[in-house]
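Peer 1: Give me a model of this one.
(one chain, ligands or ions: 2)
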Amino acid sequence: MNRRLPVYLLIDCSESMIGGGIEAVRAGITTMISQLRRDPHALDTVYLSVITFDAEARVVVPMTPLLDFQEPPLTIKPGTSLGGALKLLADRIQNEVHKTSHNAKGDYRPLVLLLTDGQPGDDWQTPLSRIGAQVKPRPANIYAIGCGTDVDYSVLQSITDVVLRMDDMGPESFGKLFVWLTASVSSASQGVSETNDGKIKLEKLPNNVEAVTAKAEPLPDGPPRQAFLRARCSTKKFPYLIRYKFDSMVGCYQPVKAHRLSEEDAKTASQGKLPDIPSQLLNGATACPWCERTGAGSCGNCGTIFCSDMNDRTDTTCPGCGNILKRDPRGGDGKGFNVRQSGG
Ligand SMILES: [Zn+2]
Ligand SMILES: [Zn+2]
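Peer 2: Ligands and ions are numbered 1, 2, ... in the order given. This next block holds a predicted model:
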């Protein structure tokens, strides 16, 4: 059997990836696969596996030859179980990567491409010790790519020497990143990128990605930097997600943007057990992404948060349970609401 190059994509599918992030990753994987399939070295050696993580980690594509690889659906859920993902990765590497023995050359050292955009919400140190940089020889070459502006780079630096940052999470930015990742996988498949000391020689980075070389400070303890509130449009009934950012100056969460959710994402997004953030910490809402109304209220009967018009004097039908909600000046039934917190 040929020496294989196992490539693991570890993808953060927490709520903070919503709003272009996750679609861009899907598109990036598609492009990557079609490019790599044109590369005879890659076609010969590359085996791909996809592990996603939200509140839990799962193998969505087990190790598969490049030619047979089929892109997995990626869905958004709350939570960032980086520790779970690292544990799963360590298990998979142990079980499916062939080791070199005295009569056979094993697989190439696996290449792990980790994409995350938040703060881990679980214990990641324990599983790390199984695959981390401390172990010699390293069982995997890990590229950790922080996406967006809420990444804890000190965490990524304890996972690997190769830490990259990409602040812009737009589709073009992800596009460039995936071109670069593709080139990296391609050159690894030719065995040229591994120098003698086991250090990784990086392909030239695109201009939207930089290497994080200075030692990063851990993010200060405190509330999660982002919070997410699930809501439903009261006119069109469709679900959406409001993104909040913690504002340490005022000690509360400011709404940033609301994103449309598919019914399927809304269904999976409502699973996941996380503590609540009291509504007093949330400073208002953003415009509904479906109908542009700027207020929000909540249903005292079923707890659904919905868009509402501050100036509208008519009653609203709850898009969650169909209850008729009487107006009051504060919007909704005036009971306030609790947010399902997400550490994503
Ligand atoms: Zn609406
Ligand atoms: Zn209701």
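Peer 1: Tell me the confidence at the residue nearest to Ala55 when sequence neighbours are not counted?
Peer 2: Excluding its sequence neighbours, the residue lying closest to Ala55 (C-beta to C-beta, 6 or more residues apart in numbering) is Gly79, at 2.9 Å. No exception for glycine: its C-beta is placed from N, CA and C like everyone else's. In the prediction, the pLDDT value recorded for Gly79 is 81.
Peer 1: what number of residues lie near Gly79?
Peer 2: Residue crowding around Gly79 was assessed by other C-beta atoms under 10 Å; the count is 25.
Peer 1: now Ile159
Peer 2: Neighbours of Ile159 (other C-beta under 10 Å): 21.
Peer 1: any idea how this structure splits into domains?
Peer 2: 5-211, 226-340 (automatic domain parsing).
Peer 1: closest to ligand 1 out of those?
Peer 2: Ranking the domains of the chain by distance to ligand 1, with C-beta to the ion as the measure, places domain 226-340 first at 3.1 Å.
Peer 1: That closest one vs ligand 2: in contact?
Peer 2: Yes. Under the criterion of C-beta under 5 Å from the ion, ligand 2 is reached by domain 226-340 at 299, 301-302, 304, 318, 320-321, 323.
Peer 1: Could you export the residues you listed as a markdown table, including neighbour count?
Peer 2: What follows is the residues of domain 226-340 next to ligand 2, written out as a markdown table (neighbours: other C-beta atoms under 10 Å):
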| residue | neighbour count |
| --- | --- |
| Cys299 | 24 |
| Asn301 | 15 |
| Cys302 | 12 |
| Thr304 | 22 |
| Cys318 | 22 |
| Gly320 | 19 |
| Cys321 | 12 |
| Asn323 | 15 |
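Peer 1: What ranges does the stretch 201-344 of the chain have for its helices?
Peer 2: Taking DSSP state H, counting those that start in this stretch as the test, the helices found in the stretch 201-344 of the chain are 263-269.
Peer 1: what residue ranges in it are flagged as low confidence?
Peer 2: Counting by pLDDT under 70, the stretch 201-344 of the chain has low-confidence residues at 268-277, 310-313, 327-344.
Peer 1: can you list the residues of this structure near ligand 1?
Peer 2: For the chain, the residues in contact with ligand 1 (C-beta under 5 Å from the ion) are 233, 288, 290-291, 307.
Peer 1: Nearest spatial neighbour of Phe306, chain-adjacent residues omitted?
Peer 2: Computed as C-beta to C-beta, 6+ apart, the closest residue to Phe306 that is not its neighbour in sequence is Ser234, at 4.2 Å.
Peer 1: From Thr314, how far out is the one you found?
Peer 2: 11 Å (C-beta to C-beta, to the nearest Å).
Peer 1: Comparing these two, which residue is more hemmed in?
Peer 2: A side-by-side neighbour count of Ser234 and Thr314, using other C-beta under 10 Å, places Ser234 first with 28 against 6.
Peer 1: The more buried one is in contact with Thr304, isn't it?
Peer 2: No. Counting by C-beta atoms under 8 Å, Thr304 is not a contact partner of Ser234; they are 9.1 Å apart.
Peer 1: Does anything pack onto the host helix or strand of Ser187? Which helices or strands?
Peer 2: Taking DSSP states H and E as the definition, one finds Ser187 inside helix 171-189. For helix 171-189, the contact count by 3 or more C-beta pairs under 8 Å, 6 or more residues apart in numbering; DSSP states H and E identifies strand 5-12, helix 21-36, helix 40-45, strand 111-116, strand 141-147, strand 162-166 as packing neighbours.
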